[in-house]
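Colleague: I'd like to go over a predicted model; first the sequence, then the structure.
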Amino acid sequence: MSATNDAHDNAHDATLPALPLRDAAGHKGTFGSVLVIGGCAHSPRLMLGGVMLAARGALRAGTGRVIAAVPEPLAHEALLMLPEATVIALPVDEHGVLHASKAAEALDSAMIAASAIVVGPALGTSEAAGKVVMRLVALGNRPLVIDADAIRLFASHRDAARDLRGTAIFTPHGGEALALAQLLQLDIDLDSRTARAHSATSLAQLLGAVVVLKGAGTVTSDGLNTWRCDRGNAALATGGSGDVLAGVVAAMLAQFGGKQAVSSELCVGALVALAVEIHARAGDLWRDAHGDAGALAHEFADLIPQVMREMRAR
């Protein structure tokens, strides 16, 4: 199957909506809760930074509460990295690998309070992690941002697309997009701006999801509409930058997803595209102050409140 012009011809380039105003009388419950699931506590990949960067991005983008669900051996360090987060310790076996069924029980409790979920940052690619991802995919009871390792795990399951339920957002870079395309038996082209838009649209249509095809000129598509981001720069090409974006995406959904009912402009795809714009503008702010190299991903997260203030002022 090819990512032909026909797929994109059925979509149209959409205009980015204005960033919604924040409720001046709101409390933390008003602005939703984001659950971020990730981290890996077993050899050879001991990882925690990605999940905490996503959590930081969600908080900086204005969600009222973040719950970070990480393997139990990493829970203490997670609290030290981001004391503003609530941390859920996911059970592991004697090797530090997630215990799939017990982790599912812990996540079921955490999901009760969640408005949106991110899964994948620093998660690793163990069999147990794959079971966690596919269970979330099949549940479909909260908007689900599928990022990083979770994309690879999803793409490794032969019938994964058939199991996809609810509102899902995939945030692949080029290599992850190719993995999704292979799953879907889709031929995609990432070499030009136009080809990237066609590819994002084709992936979104076949998955029945929103796809954020990351890279220079990030494209967001829900299969019907396409949003192109012309902002951003090479400073964003650093480890953890995509994790921050995943958190911002979830924060937009947690805060404003309910506004879809009163404004067609605030569909899921548009909210995701707003998150992409915010993240890119944060990168531009950093570049204007420091140049196009040497950024740390948490610095983009910390510029997000300024970006959102400026966007609302306009």
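Modeller: Nice, thanks for sending it over.
Colleague: Give me the distance between stretch 53-60 and the centre of its chain.
Modeller: 11 Å (CA atoms, centre = their mean, to the nearest Å).
Colleague: Now do the buried residues in it.
Modeller: Burial within stretch 53-60, assessed by neighbour count using 16 or more other CB atoms under 10 Å, is assigned to 53-60. To be clear about C-beta, it is placed using only N, CA and C from the backbone, and glycine gets the same treatment.
Colleague: same question, stretch 183-193
Modeller: For stretch 183-193, burial by neighbour count (16+ other CB under 10 Å) applies to 183-184, 186, 188, 190.
Colleague: Report the two of those separated the most.
Modeller: Greatest spatial distance in the buried residues of stretch 183-193: Leu183 and Leu190, 16.1 Å, computed using CB to CB.
Colleague: Tell me which of the buried residues of stretch 183-193 fall in helices.
Modeller: The members of the buried residues of stretch 183-193 that map onto helices under DSSP state H are Leu183.
Colleague: Pick the one among the buried residues of stretch 183-193 closest to Val133.
Modeller: Set against Val133, the nearest of the buried residues of stretch 183-193 by CB to CB is Leu183 (13.4 Å).
Colleague: Can you pull out the residues in contact with the host helix or strand of Thr220?
Modeller: For Thr220, the host element (DSSP states H and E) is strand 219-221. Strand 219-221 is contacted from outside by 11, 196-197, 200-201, 203-204, 210-213, 226-229, 269, 272-273, 276, using CB atoms under 8 Å, 6 or more residues apart in numbering.
Colleague: Now, those that are in strands?
Modeller: Among these, the members found in strands (DSSP state E) are 210-213, 226-228.
Colleague: In contact with the nearest residue to Val97 once chain neighbours are set aside, which residues?
Modeller: Leaving aside its sequence neighbours, Val97 sits nearest to His42 (CB to CB, 6 or more residues apart in numbering; 4.8 Å). Counting by CB under 8 Å, 6+ apart, His42 makes contact with 71, 92, 95-97, 124, 126.
Colleague: repeat that with 7 Å
Modeller: Going by CB atoms under 7 Å, 6 or more residues apart in numbering, His42 touches 95-97.
Colleague: and what of Ile117?
Modeller: 35, 37, 111, 136, 142, 144-145, 250.
Colleague: Let's see that with 6 Å instead.
Modeller: 35, 142, 144 (CB atoms under 6 Å, 6 or more residues apart in numbering).
Colleague: Am I right that it is in a helix?
Modeller: No. Counting by DSSP: H, G, I helix; E, B strand; the rest coil, Ile117 is not found in a helix; it is strand.
Colleague: May I have the beta-bridge partners of it?
Modeller: Beta-bridge partners of Ile117, counted by DSSP bridges, are Leu35, Leu144.
Colleague: Report pLDDT for it.
Modeller: We have a pLDDT of 98 for Ile117.
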